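Engineer: Please find the sequence and the predicted model below.
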Amino acid sequence: MPLDDVILTATNVSKTFGKKTNTVEALREVSFSVARNELCILLGPSGCGKSTLLNIVAGLEDPSGGGVSLEGKRIHGPARERGMVFQSYTSFPWLTVFENVEYGMKLNGVPKAERRERAEKFIDLVHLTRFRDAYPKTLSGGMKQRVAIARTLANEPDILLMDEPFGALDAETRWHMQEMLLEIVETTHTTILLVTHDIQEAIFLADKIVFLSANPGRLKTILELDFKKGKELKSKEDLIALPGYLECEREITALMRAEAGKSKDDY
Ligand SMILES: Nc1ncnc2c1ncn2[C@@H]1O[C@H](COP(=O)(O)OP(=O)(O)OP(=O)(O)O)[C@@H](O)[C@H]1O
């Protein structure tokens with residue numbers, strides 16, 4: 001990958017929680033990069049440090065060793081250029097959809113006319129135009145998460161960070177959300193770093209999968225998903241029908257099983 005295409009670089013990122021005898025080594029010397037306009041997935045078994053790594057990129061946690069740079073600048077603390085969407089819905093209940101999407105821009109000093117224009121654009125993008133004046137409590141889980149996505153994108157981050165964004169949703173809503181995310185990427189060319197432990201979700205969404213092993217979290221492998229390159233995927237069915245899909249799913253399932261180290265009797 002040409003160097004100027006790299007937007008985010010993680011170099012030898014380590015993280016140990018706790019002090020003295022009571023420590024947990026969550027990450028050991030993890031290095032990877034994300035290219036501009038790429039959708040990069042952090043995947044691995046439970047407890048391998050995916051969320052910790054994403055939180056370090058977000059600036060919500062400091063690494064114990066190594067570091068992360070965005071556009072060549074070392075990350076220290078949270079900033080607007082790195083927008084985060086969590087699994088739990090984070091809209092303000094006393095504000096309408098429109099006001100929720102506008103809120104962050106208001107804090108960032110975006111002038112009113114531009115705020116309105118951007119809020120409308122991103123509400124349309126997440127298919128909530130009819131619900132712009134609704135309050136979050138009247139919306140479904142998927143709609144609330146769409147508000148969070150629109151609000152984060154409206155701040156025009158350089159990279160969108162997503163931690164299990166569809167993890168709390170039922171299977172059907174999850175598919176729709178995944179399909180919508182690919183539509184968003186196609187329209188806005190946003191660079192995304194997304195954590196999931198769902199193998200199918202990872203294969204459907206990813207340009208690249210960074211697979212972590214557990215105890216401590218280390219880089220196991222990076223999968224480029226060549227079988228998808230140049231193919232237009234609108235739905236899960238399109239993905240499953242692609243030659244190469246099953247092999248890819250089998251490879252990742254085997255990695256996951258080896259790393260989780262669980263036989264069917266260990267649960
Ligand atoms: N604040 C913390 N204090 C102590 N240990 C922590 C803290 N946060 C995470 N850990 C530990 O670090 C390790 C990695 O946790 P993390 O949540 O990043 O993994 P994960 O891959 O995102 O897991 P999951 O898929 O289950 O969400 C785990 O052993 C976890 O218990």
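Structural biologist: Structure's in. What do you need?

Engineer: Would you mind listing what in the chain touches the ligand?
Structural biologist: Residues of the chain lying close to the ligand by CB under 6 Å from any ligand atom are 17-18, 24, 26, 44, 46-52, 197. From N, CA and C alone the C-beta is placed, and that goes for glycine too.

Engineer: Tell me which entries of those lie within strands.
Structural biologist: 17-18, 24, 26 (DSSP state E).

Engineer: What segments of the protein are strands?
Structural biologist: Using DSSP E, strands in the chain cover 6-19, 22-35, 39-43, 65-70, 73-74, 82-85, 159-163, 191-195, 208-213, 218-223.

Engineer: got CSV for the ones you listed, with mean neighbour count, mean pLDDT and distance to T138 too?
Structural biologist: Formatted as CSV, the strands of the chain follow (neighbours: other CB atoms under 10 Å; pLDDT from 0 to 100; distance: least, CB to CB, whole Å):
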stretch, mean neighbour count, mean pLDDT, distance to T138
strand 6-19, 17, 96, 37
strand 22-35, 18, 96, 36
strand 39-43, 24, 97, 31
strand 65-70, 17, 97, 37
strand 73-74, 10, 96, 41
strand 82-85, 23, 94, 21
strand 159-163, 23, 97, 24
strand 191-195, 24, 98, 28
strand 208-213, 22, 96, 37
strand 218-223, 17, 96, 41
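
Engineer: picking up where we left off before, from the residues of the chain next to the ligand, which two are the most distant?
Structural biologist: Farthest-apart pair in the residues of the chain next to the ligand is G18 and H197; separation 23.6 Å (CB to CB).

Engineer: For the helix or strand of the chain with the lowest mean pLDDT, buried residues please.
Structural biologist: Ranking every helix and strand in the chain by mean pLDDT, DSSP states H and E puts helix 236-240 at the bottom, with a mean of 87. By neighbour count on 16 or more other CB atoms under 10 Å, the buried set for helix 236-240 is 236, 239.
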